[in-house]
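> got a predicted structure here, sequence first:
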Amino acid sequence: MADRTIVCKDCSKEFVFTEGEQEFYKEKGFENDPVRCPECRKARKAQSNNNRGFRR
């Protein structure tokens, strides 16, 4: 397995899906590659948590 470059579907920036991350996804049973960069994933998760009434 080699590092792969993916384009974020939200911000259109390229990000690297490392070999280690690919192994992690495989171990967790995830079948799809990430479609968002780490920054957009973090922002989306924070927004989702805010909409559910969670506090941090």
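Arrived safely. On a predicted model such as this, the values are computed, not experimentally measured, just so you know.
> where exactly do the helices run in this structure?
Ranges of helices within the chain are 19-28, 38-51, based on DSSP state H.
> quick check: which of those helices is nearest to residue 9?
Set against residue 9 and scored by Cβ to Cβ, those come closest in helix 38-51, at 8.2 Å. No exception for glycine: its C-beta is placed from N, CA and C like everyone else's.
> ok now the closest one, how far from the chain's centre?
10 Å (Cα atoms, centre = their mean, to the nearest Å).
> stretch 30-50 too?
Distance of stretch 30-50 from its chain centroid, counting by Cα atoms, centre = their mean, is 5 Å.
> all further residue positions should be reported with the first residue as 483.
Sure, I'll start numbering at 483, so the last one becomes stretch 512-532.
> alpha carbons only: can I get it in CSV?
Taking C-alpha atoms only, stretch 512-532 is exported to CSV below (Å, rounded to 0.1, in the frame of the first residue of the first chain):
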residue,chain,number,x,y,z
PHE,A,512,-14.3,0.9,6.7
GLU,A,513,-14.8,0.1,3.0
ASN,A,514,-14.7,3.7,1.6
ASP,A,515,-11.8,6.1,1.5
PRO,A,516,-12.3,9.5,3.3
VAL,A,517,-13.9,12.2,1.1
ARG,A,518,-13.0,15.1,3.3
CYS,A,519,-9.7,16.5,4.4
PRO,A,520,-8.9,16.3,8.2
GLU,A,521,-9.8,20.0,8.7
CYS,A,522,-13.2,19.6,7.0
ARG,A,523,-13.9,16.4,8.9
LYS,A,524,-13.1,18.1,12.2
ALA,A,525,-15.4,21.1,11.2
ARG,A,526,-18.2,18.8,10.1
LYS,A,527,-18.0,16.8,13.3
ALA,A,528,-18.0,19.9,15.5
GLN,A,529,-21.0,21.3,13.6
SER,A,530,-22.8,17.9,13.9
ASN,A,531,-22.2,17.8,17.6
ASN,A,532,-23.5,21.4,18.0
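> what is the rounded mean pLDDT of it?
For stretch 512-532, mean pLDDT rounds to 92.
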